[in-house]
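Peer 1: Quick check, what structure comes out for this input:
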Amino acid sequence: MIGVIDYGAGNLGSVMNALARLSVPARFVAGPDELLPASSPFEKIIFPGDGHFATAMASLTQSGYAQAIKEWINADKPFLGICIGLQLLFETSQEAPPVDGKEVRGLSVIPGTVRKFPGRKVPQIGWNQTLARPDSKIFRGLSDNSFFYYIHSYYADPADKSVAAAETEYYVRYCCAVERGALAAVQFHPEKSGTAGIALLKNWTGALTSTT
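Peer 2: Below is the predicted model of the structure:
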């Protein structure tokens, strides 16, 4: 069973439809207690969404999901972040500058920051070629430079470049997917990316398992 986190925003219907297309059992997570690694009813978790970095983090913190997600990831349980679900894994974002001298922190499970595209045409909206690392699990079997659907104004910049599972280019060459153990996340929307997106979700639902 896959749990899908609903924090009040995101393309939840599209994600659930994609999982149904793959005949993968899934339901929404009822609350942060269902993410306790030792007693969770779920084998894998997806965190999809869109929105503002600071607003999303405030919602996760207030609801208790922030700590629960960190515990799930720290236990090396399978996790897939989509769009804001990638960006929130990082420590900081240029979308959320310090307020009254206090830094706005993300989940901070991946060292690094999220930066704004330097060009004038922002956000990036549409299809873009994506170059995956040869040993990536989630991109296994996909064509080189497959196209995925993007819509975002900020991009992830990990401190440790080895976590990057794929890169693409929009004004700058940047990390658009990460993998580390059972943790995976993508900037694009696989649920809106046609055949390639479904193939990636199929890889993740069947390939990424906990190492514990």
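
Peer 1: Work out which residue lies at the spatial centre of this structure.
Peer 2: The chain has Gly81 as the residue nearest its centroid, 2.1 Å off, counting by CA atoms, centre = their mean.

Peer 1: Tell me if I am right that Met57 is in a strand.
Peer 2: No: when the secondary structure is assigned by DSSP: H, G, I helix; E, B strand; the rest coil, Met57 falls in helix instead of a strand.

Peer 1: dump the residue contacts of it.
Peer 2: Neighbouring residues of Met57 by CB atoms under 8 Å, 6 or more residues apart in numbering: Ala66, Leu88, Ala96, Val104, Arg105, Gly106, Leu107. C-betas here are computed from N, CA, C, even on glycine.

Peer 1: how does it look with 7 Å?
Peer 2: Ala66, Leu88, Val104, Gly106 (CB atoms under 7 Å, 6 or more residues apart in numbering).

Peer 1: about what we covered before: give me the element the residue nearest to the centre of the chain is part of.
Peer 2: Element membership of Gly81 [criterion: DSSP states H and E] is strand 79-82.

Peer 1: Same question for Ser14, what's its three-state structure.
Peer 2: helix.

Peer 1: Is it in contact with Glu191, as I believe?
Peer 2: Yes: Ser14 lies in contact with Glu191 (CB atoms under 7 Å); the separation is 4.2 Å.

Peer 1: now the strands: where do they sit in the chain?
Peer 2: With strands called from DSSP state E, the chain shows them at 2-4, 26-28, 44-47, 79-82, 90-93, 110-116, 124-132, 146-152, 154-158, 164-170, 172-180, 183-186.
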